[in-house]
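> Could you work out the structure for the sequence below:
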Amino acid sequence: MPLRPFIIPALCVAAALAGCDGDRGVHITSTHTEDNDSKGVLKVVDTLQCPQTMGSLTRKGSASNEGRVCTYVGPKGTEVTLQMVSLDGKTPAQVLKGFEERLSASLPQAVAGLRNAAGDAAQVTATARSDASGDQASVRAPGMSVDADGEDASVRLPGMRIETKGDQASVQIGGLHIDANDNSGAVNVEGSTDDDNVSIRARDDAAEVRAVASGDATRASWMLSDSRPSAEGWRRVGYEARGPVGGPLVVATIRSRDRNTGRVLDDAKDLVTLNVGE
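From the prediction side, this is the model:
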């Protein structure tokens, strides 16, 4: 079995899917338990600060809704809305879930594709692995072992383990674990990094990236992208959100027709930082 398709997702993790194009579904999760209070205390906001410009963004008109909403435009028709949102008895996760649902409506193809990827990932777990017979081989050396039996193989190296069974493969590289099914095209990846809690799902043209810092304060970002434009031309939507315990949250939402939104995303984060801090 060719292992290259299963190694590629591991490399994508290091690049956080930046510019990583693949034809397989990917699901990545990682966790880190460091308290985000070490980043500083977030401010309680009464009204938004909305400068006329912030990097590539230019404000449209004045703040609305009693200073709780500001709208910006960016390159190629990118739309950024800065909002101050009270929790009103809800949890930050519940509030942000509403933002995700509204923004996802702009990329229905991406939502459908990732839903299929989740189904494929379940198939990887549910499918029984069949044994194969064939030529056998075994190699031993200090710190290394290779065993092969037909289509099945086991490779162990320092910091790496690869197991294949017919159309399925399992790869362990340091703290990264990958399970893949060649028939369904589904890949499930789990690992740990020194960053915040991160979840990444990808399938064909669509990708979803979520990051949530640990601790009581809210520091969260979410991005959904699709290489295929929607009917309205959108390719990427998302948000950057922060707020102290109890709120309110300051949320910058993004809708872009450009696949490369790195500069706009940084500018949106700067707007949030200006209001509540890091």
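> Check which residues of stretch 49-64 are buried.
By neighbour count on 16 or more other C-beta atoms under 10 Å, the buried set for stretch 49-64 is 50, 54, 56-57, 59, 63. C-beta: built from backbone N, CA, C; applies to glycine.
> Also stretch 258-273?
258, 261, 264-265, 267-272.
> Run through the stretch 101-250 of the chain and note the low-pLDDT ranges.
For the stretch 101-250 of the chain, the stretches with pLDDT under 70 are 117-137, 139-144, 157-160, 173-196.
> quick one on the thing from earlier: out of the buried residues of stretch 49-64, which are inside helices?
In helices, defined here by DSSP state H, there are no members of the buried residues of stretch 49-64.
> which two in the residues you listed are spaced the farthest apart?
56 and 63 (19.7 Å; C-beta to C-beta).
> the strands in the stretch 151-278 of the chain, which residues?
Along the stretch 151-278 of the chain, counting by DSSP state E, counting those that start in this stretch, strands occupy 152-157, 160-165, 168-173, 176-181, 186-190, 197-203, 206-212, 218-226, 236-243, 249-256.
> Export the buried residues of stretch 258-273 as CSV, with columns for pLDDT.
Listed next are those as CSV, based on pLDDT from 0 to 100:
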residue, pLDDT
258, 88
261, 76
264, 93
265, 92
267, 96
268, 97
269, 96
270, 97
271, 98
272, 98
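> What are the boundaries of the helices in the stretch 51-200 of the chain?
Secondary structure of the stretch 51-200 of the chain by DSSP state H, counting those that start in this stretch: the helices cover 92-104, 108-126.
> Name the member of the buried residues of stretch 258-273 with the shortest distance to residue 246.
residue 272 (17.5 Å).
> Who are the contact partners of the closest one?
Contact analysis of residue 272 by C-beta atoms under 8 Å, 6 or more residues apart in numbering lists 82, 240-242, 250-252.
> Closest one to residue 147 out of those residues, please.
Nearest to residue 147 among the contacts of residue 272: residue 240, at 48.2 Å, using C-beta to C-beta.
> isn't that closest one right next to residue 270, touching?
No - applying C-beta atoms under 8 Å as the test, residue 240 and residue 270 come out as separate, 9.5 Å apart.
> Pull up the gap between residue 40 and residue 276, please.
Going from residue 40 to residue 276 by C-beta to C-beta, to the nearest Å gives 10 Å.
> okay, the two: which has more neighbours?
residue 276 (25 against 11; other C-beta atoms under 10 Å).
> Can you give me every residue that contacts the more buried one?
42-43, 45, 242-244, 250.
> ok, now residue 85?
Per C-beta under 8 Å, 6+ apart, neighbours of residue 85: 68, 95, 243, 247-251.
> next one: residue 257
76-78, 229, 233-235.
> Just the buried subset of those residues, written out for PyMOL, thanks.
Only the buried entries of the contacts of residue 257 go into this PyMOL selection, using 16+ other C-beta under 10 Å:
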select buried, resi 78+234+235
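> Make TSV out of the contacts of residue 257 and add distance to residue 170.
Listed next are the contacts of residue 257 as TSV, based on distance: C-beta to C-beta, whole Å:
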residue	distance to residue 170
76	42
77	44
78	41
229	36
233	40
234	37
235	34
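> Leaving out chain neighbours, which residue sits closest to residue 78?
Of all residues not flanking residue 78 in the chain, residue 256 sits nearest, at 4.4 Å (C-beta to C-beta, 6 or more residues apart in numbering).
> Surely that neighbour and residue 233 touch.
No - Residue 256 lies out of contact with residue 233 (C-beta under 8 Å); the separation is 9.6 Å.
> Number of residues surrounding the closest residue to residue 251 other than its chain neighbours?
Spatial nearest neighbour of residue 251, excluding adjacent residues (C-beta to C-beta, 6+ apart): residue 241 at 4.3 Å. Neighbour count of residue 241, defined by other C-beta under 10 Å: 23.
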